[in-house]
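Visitor: Okay, here's the prediction I keep looking at, along with the sequence it came from:
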Amino acid sequence: MAYPMAAVGLERGRIDLRSNALGILFLFLTVATLLTRQLVTPDLMNMLANYSSEGGAFYEKFHLATYATVGLLLVILASRPLALARGDVALFRSLVRYAAVMGGLVAYFVLIGRLSATGFLIETYLAAVLAAILLLVQNEQTRRIAATAMLCVLIASAIVAIGEVILQRRLMPFTEGEPVFRATGLSSHPLVLGAHCALAIGFVPLTRWPLWVKIVAMFVLFIGCVAASARVALMASALEILALILFLRWPNLPPRRELQAKLVVLFFTLLLGAALAVLLLSVGLLSRFSSVVDTNSMARVQIYEVFHYVTWKDFLLGMNVADLLQIVNEKVGLELIESAIVYFVLLMGLPMSIVFALIVIGYVACILKGTAAAARIGALIFLMIDMTNNALATKTVDILLLTVLVVGLRNTRQTASAPARAPRPAGRVTADYRSLPAGRPG
């Protein structure tokens, strides 16, 4: 049946309008969901439910944004056909496999009665994989907007932290006692703030901002590490900035001129860095560097004494987190398990913890495959910082943040589109041209 051209155009306009409206709606919902996960810290969640505290129902142990991510992903998949760019198909398949593997791990720990392990597995790792899938089923512009929004929040968190140091007051709830005031910004802990600032520094070069905006943003994030008094994150951030200067390609410059320009910039960066360090020391913002060995740093070493108080069965098969925490409190004399390695080994058992580590390493390598050098530098620095504490073994937004920034700021070389028409044979084109009336353009 033939349709009038006006009717066909009207129908196409309706389809495009509906598709664009859904795309804009899903964009706002995606950004809102991710920002909720980023800004609603565990302490804020504990005001609503027993999220990270003892007791409470099983469903209270999951973040509001986790429920929203699952629901939004199902709605998007059910409301329109899945169209992926050719470069995203392999990543999508890998993410689905990792989601299935993470779900299998959760089911395993449920079956053996170790529900305490399911909380951080779902909140820290499975939620990150689902967030990656949520971004991937939408267009590249949506992904970039969502990642840029989270990056802007990290920069805003550093600005808030600087203000907190000046006013000596925190904005977000913080229950731990500290001998020296340490800012938290929009995060849950000074160490979290420092790690997030270091992560953001690596991804600022991937934005489409003007050069001067990128420089200012990286400087603010570095000062945010100073405000957090996070020593490892601060030193790692300094190395990260030097690595970005040395290893990132500078376009429109031949190799020799590029090397010369990098050396000049490196020299002035070191010079300004030395002057900044003297200034920060003079105002007392680097006071925690006066003693590298203190209670906090020794706790990360002392925690390994827990292996003296567990059995070989616990070491190989794992143990309940409540029993582990009791040994740490009573035998080792520490309040918290300040080591992701200790937590993984004694909660899961050595063999299962090795399997889990390989899964996480494979996942990170999967999302980083084909990304820019800045993303790889930022991710490596960030994971190294998190390995110095228990961030990877508790309910944190860290892996989700890394995932969103990597997936959102990656460049897709080929966008999804309708199948292209098959090329017409040259002879057929020539015959059609000859059949046109004289004087009429083809």
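Guide: That came through fine.
Visitor: In contact with residue 277: list those residues for me.
Guide: By CB atoms under 8 Å, 6 or more residues apart in numbering, the contact set of residue 277 is residue 286. All C-beta atoms are positioned from the backbone trio N, CA, C, and that covers glycine.
Visitor: now swap in residue 358 and tell me
Guide: By CB under 8 Å, 6+ apart, residue 358 has no neighbours at all.
Visitor: before we move on, what about the one 5 residues further on?
Guide: The contact partners of residue 363, taken as CB under 8 Å, 6+ apart, are 98, 125, 129.
Visitor: Can I get those residues in JSON lines including neighbour count?
Guide: Formatted as JSON lines, the contacts of residue 363 follow (neighbours: other CB atoms under 10 Å):
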{"residue": "98", "neighbour count": "22"}
{"residue": "125", "neighbour count": "24"}
{"residue": "129", "neighbour count": "25"}
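Visitor: Let me have these in CSV, adding pLDDT and secondary structure as columns.
Guide: Output for the contacts of residue 363, formatted as CSV (pLDDT from 0 to 100; DSSP: H, G, I helix; E, B strand; the rest coil):
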residue, pLDDT, secondary structure
98, 96, helix
125, 95, helix
129, 97, helix
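Visitor: Looking at the residues you listed, which is nearest residue 274?
Guide: Distance ranking of the contacts of residue 363 against residue 274, using CB to CB, places residue 125 first at 40.3 Å.
Visitor: what's the spacing between that closest one and residue 337?
Guide: 18 Å (CB to CB, to the nearest Å).
Visitor: Residue 138 contacts residue 76, correct?
Guide: Yes. With contact defined as CB atoms under 8 Å, residue 138 reaches residue 76; the gap is 7.0 Å.
Visitor: neighbour count winner among those two?
Guide: residue 76 (20 against 16; other CB atoms under 10 Å).
Visitor: who are the neighbours in contact with the more buried one?
Guide: Neighbouring residues of residue 76 by CB under 8 Å, 6+ apart: 26, 134, 137-138.
Visitor: Could you report the distance from it to residue 314?
Guide: Taking CB to CB, one finds residue 76 at 43 Å from residue 314.
Visitor: Contact partners for residue 324?
Guide: Contact analysis of residue 324 by CB under 8 Å, 6+ apart lists 306, 310, 337, 343, 346-347.
Visitor: Buried residues, the helix or strand it falls within. List them.
Guide: Residue 324 is part of helix 321-327, with elements assigned from DSSP states H and E. Using 16 or more other CB atoms under 10 Å as the test for burial, helix 321-327 gives 321, 324-325, 327.
Visitor: swap in stretch 139-156?
Guide: For stretch 139-156, the buried set under the neighbour-count rule, 16+ other CB under 10 Å, comprises 139-140, 142-151, 153-155.
Visitor: and if you look at stretch 56-71?
Guide: 61-63, 65-66, 68-70.
Visitor: Ok, stretch 256-270 next?
Guide: residue 262.
Visitor: would you put the C-alpha positions of it in PDB?
Guide: C-alpha atoms of stretch 256-270 as PDB (Å, rounded to 0.1, in the frame of the first residue of the first chain):
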ATOM      1  CA  ARG A 256      60.800  16.500  19.000                       C
ATOM      2  CA  ARG A 257      58.800  19.700  19.700                       C
ATOM      3  CA  GLU A 258      56.400  17.700  21.800                       C
ATOM      4  CA  LEU A 259      59.200  16.400  24.000                       C
ATOM      5  CA  GLN A 260      60.700  19.900  24.400                       C
ATOM      6  CA  ALA A 261      57.300  21.300  25.300                       C
ATOM      7  CA  LYS A 262      56.700  18.600  27.900                       C
ATOM      8  CA  LEU A 263      60.100  19.200  29.500                       C
ATOM      9  CA  VAL A 264      59.400  22.900  29.800                       C
ATOM     10  CA  VAL A 265      55.900  22.300  31.300                       C
ATOM     11  CA  LEU A 266      57.400  19.600  33.600                       C
ATOM     12  CA  PHE A 267      60.100  22.100  34.800                       C
ATOM     13  CA  PHE A 268      57.600  24.800  35.700                       C
ATOM     14  CA  THR A 269      55.200  22.300  37.200                       C
ATOM     15  CA  LEU A 270      57.900  21.100  39.600                       C
END
